[in-house]
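**Q** What would the 3D arrangement of this be:
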Amino acid sequence: MASYRGRLAPTPTGRLHLGHARTFALAAQRCRAAHGQLIYRTEDLDQARCQQAFTLAAQDDLHWLGIEWQEGPDIGGPHAPYQQSARLEFYLSIWKQLHATGHLYPCDKSRQDVARSLQAPHAEDDREPIFPAALRPALDAHLGATDPGKTNWRFRVPDGEVITFQDQLQGPQAFTAGKDFGDFLVWRKDGFPAYELAVVADDHAMGITEVVRGADLLLSTARQKLIYRALGWDAPAWAHASLILDAQGQRLAKRHDGLSLQTLRARGKTPQEVLTAPIASLW
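**A** Next up is the predicted model:
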């Protein structure tokens, strides 16, 4: 059995909040319990929103919480393997592998095109409408391409197939392709990989054996399982933590400052309080 390798993968688009803190602490706890290694990776592919200041702030917040990692920034050695924006050539090589499987196709359809389609259902727990099969190109649309070019590329899902997995925290999960999610982006026309491709490529390359993250990404796991299968790779285990909700019952977001770690630290809260105190007491 492979030794345990977990990861922390913050996106530097804002300050970390209480939900991030407790999820990352859980990742560190599960790694320690398995006597494994924890990897820190900065997921900074959103060039319009990611900022170096947030990258450094996230590392400072996690150190303040007592969360440490064995590989990644400020551990020593080159940072490039742990910073997604420095790995574009690697992602391109994975796109080529995935393209060779025949699962990808170029897509010039906009969100407005999808929204206008009467055949496009909306998944209740997904932010985007399901890409309708009626807008798919011919099966041979991918042939002849040697690189993504300046267009979006989608993964053609097996309509009607039920994608199942056992989540270590949420229990058995099942999502139906074409119903709960549709053809999804793997490469963007701005020259960057989409989240699903980059995460799968990095977790495989870094030997991650368990992914600990928020329950809002359960649906992404179903998509990512299809990528793992297409590439012939073994998938890691997944453990999705329940989401922390604010006083109005909404999940926390970086745009809400009330429970950001920066604010909690300024209020004099201790790391122990942040990680264990009842949420109501932290407002």
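**Q** so which helix or strand takes in V200?
**A** V200 belongs to helix 195-205 when assigned by DSSP states H and E.
**Q** what about the helices in the stretch 101-250 of the chain?
**A** Ranges of helices within the stretch 101-250 of the chain are 111-116, 195-205, 218-231, based on DSSP state H, counting those that start in this stretch.
**Q** Do a quick rundown of the strands in this protein.
**A** Remark: strands assigned in the chain by DSSP state E are 5-8, 37-40, 104-107, 152-155, 162-167, 171-176, 184-187, 210-214, 237-241.
**Q** closest one to V114 among these?
**A** Checking the strands of the chain against V114 by CB to CB gives strand 104-107 as the closest, at 9.8 Å. C-beta: built from backbone N, CA, C; applies to glycine.
**Q** strand partners of the closest one, parallel vs antiparallel please.
**A** Neighbouring strands of strand 104-107 in its sheet, by DSSP bridges, are strand 152-155 (antiparallel).
**Q** which other residues reach the partner strand?
**A** With CB atoms under 8 Å, 6 or more residues apart in numbering as the test, strand 152-155 has contacts from 95, 98-99, 103-108, 131, 183-189, 196, 223, 226-227, 230.
**Q** I'd like the average pLDDT over that strand.
**A** Averaged across strand 152-155, pLDDT comes to 96.
**Q** Now that strand - C-alpha only, CSV.
**A** Output of strand 152-155 as CSV, limited to C-alpha atoms (Å, rounded to 0.1, in the frame of the first residue of the first chain):
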residue,chain,number,x,y,z
ASN,A,152,-12.4,26.1,-25.1
TRP,A,153,-12.2,22.3,-24.9
ARG,A,154,-14.8,20.1,-23.2
PHE,A,155,-14.8,16.5,-22.0
